[in-house]
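**Student:** pasting the structure only:
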């Protein structure tokens, strides 16, 4: 199983490019992800993780994600290699995003990118409009 779940802050705005072969959009950015534990007397450390998002998800990230925003990313880990013009072999490990979420609090998010999207990519705020399920404030709820 290859599954990665990250929450961190964008270190820069997403960078957009298009593939040469079929003109597919790809957005690249990196997340600063704080390490969970800190030894006493040490400063908190972070890992800087490269993320790539393809097609519609890449378009969403490039449009709504900004430097400094806290976001959640679910995806898979990928490693790849390539040779540069001088024949030098390069290695890279990155996360290929499959899902992207806003993770800032509402108040923090107001200062950042605003959109009509809910916290999940592609989910509109009134996604359940027209459904028969409704909770009114006068109902006695069992929880």
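**Tutor:** The structure has been received and is ready for your questions. Predicted model, so just to flag it, every value in this text is computed and none were measured.

**Student:** Give me the buried positions along the longest helix anywhere in the chain.
**Tutor:** Using DSSP state H to define each element, the chain has its longest helix at helix 55-64. Within helix 55-64, the residues that qualify as buried by neighbour count (16 or more other Cβ atoms under 10 Å) are 57, 58, 59, 60, 61, 62, 64. Every C-beta, even on glycine, is put in place using the N, C-alpha and C of the backbone.

**Student:** mind putting those in TSV, pLDDT and distance to residue 4 included?
**Tutor:** Formatted as TSV, those follow (pLDDT from 0 to 100; distance: Cβ to Cβ, whole Å):
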residue	pLDDT	distance to residue 4
57	97	15
58	97	17
59	97	21
60	97	18
61	97	16
62	96	20
64	96	21
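
**Student:** Show me where the chain has its strands.
**Tutor:** Listed in chain order, the strands of the chain (DSSP state E) span 4-10, 15-18, 25-34, 46-54, 70-83, 89-102.

**Student:** gap between residue 56 and residue 2?
**Tutor:** Residue 56 sits 22 Å away from residue 2, taking Cβ to Cβ, to the nearest Å as the criterion.

**Student:** Likewise for residue 48?
**Tutor:** Going from residue 48 to residue 2 by Cβ to Cβ gives 20 Å.

**Student:** what's the answer for residue 41, then?
**Tutor:** In this structure, residue 41 and residue 2 are 36 Å apart, going by Cβ to Cβ.

**Student:** More neighbours: these two, which one.
**Tutor:** residue 2 (8 against 5; other Cβ atoms under 10 Å).
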